[in-house]
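Have a look at this prediction, sequence included:
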Amino acid sequence: MAVTYKKLLHLMIDKGITNSDLMDRTGCSANIITKLRRNNYLALDTIEKICKTLHCGVDDILEFIDDPLENADD
């Protein structure tokens with residue numbers, strides 16, 4: 001399984017929130033934004049901060065998808 005944060009990026013656009021705004025509001029670093037953009041896993045406390053800041057649930061910002069690399073060995 002892989003994770004994608006496309007929902008978060010769309011939510012940020014809908015709410016007019018920039019990467020800098022998200023960093024300021026959550027106290028996250030630029031490294032976290034880079035991880036989001038690359039669909040890397042984030043710590044649960046970071047996801048919690050984002051959800052609290054945006055007043056949303058986890059399912060509003062991320063989803064799990066099939067990892068094509070996992071299926072390559074089948």
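Thanks, I have it. Numbering: from 1, shown residues only.

show me the contacts for Leu54.
11-12, 15, 17, 60-61 (CB atoms under 8 Å, 6 or more residues apart in numbering). For the C-beta atoms, the positions are set from N, CA and C on the backbone; glycine is no exception.

Quickly note the distance from it to Leu8.
8 Å (CB to CB, to the nearest Å).

what's the overlap in contacts for the two?
In contact with both Leu54 and Leu8: 60-61, using CB under 8 Å, 6+ apart.

can you redo the contacts of Leu54 as CSV with secondary structure?
Formatted as CSV, the contacts of Leu54 follow (DSSP: H, G, I helix; E, B strand; the rest coil):
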residue, secondary structure
Leu11, helix
Met12, helix
Lys15, helix
Ile17, coil
Asp60, helix
Ile61, coil
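
Of those, select the buried ones using a ChimeraX command.
Of the contacts of Leu54, the buried ones go into a single ChimeraX selection, burial set by 16 or more other CB atoms under 10 Å:
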select :11,12,17,61
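
how about the strands in the protein?
Taking DSSP state E as the test, the strands found in the chain are 2-4, 63-65.

Which elements pack onto the first one?
Looking back up the chat, that one is strand 2-4. If contacts are counted by 3 or more CB pairs under 8 Å, 6 or more residues apart in numbering; DSSP states H and E, strand 2-4 sits against strand 63-65.

Swap in 10 Å and give it another go.
Counting contacts by 3 or more CB pairs under 10 Å, 6 or more residues apart in numbering; DSSP states H and E, strand 2-4 packs against strand 63-65, helix 68-71.

Quickly compare these and say which is most buried.
Most buried of the helices and strands packed on strand 2-4, by mean neighbour count (mean count of other CB atoms under 10 Å): strand 63-65, with a mean of 12.

any residues touching it, and which ones?
1-8, 39 (CB atoms under 10 Å, 6 or more residues apart in numbering).

sorry, back to before: looking at the strands of the chain, which is closest to Cys28?
Cys28 lies closest, by CB to CB, to one member of the strands of the chain: strand 2-4, at 16.5 Å.
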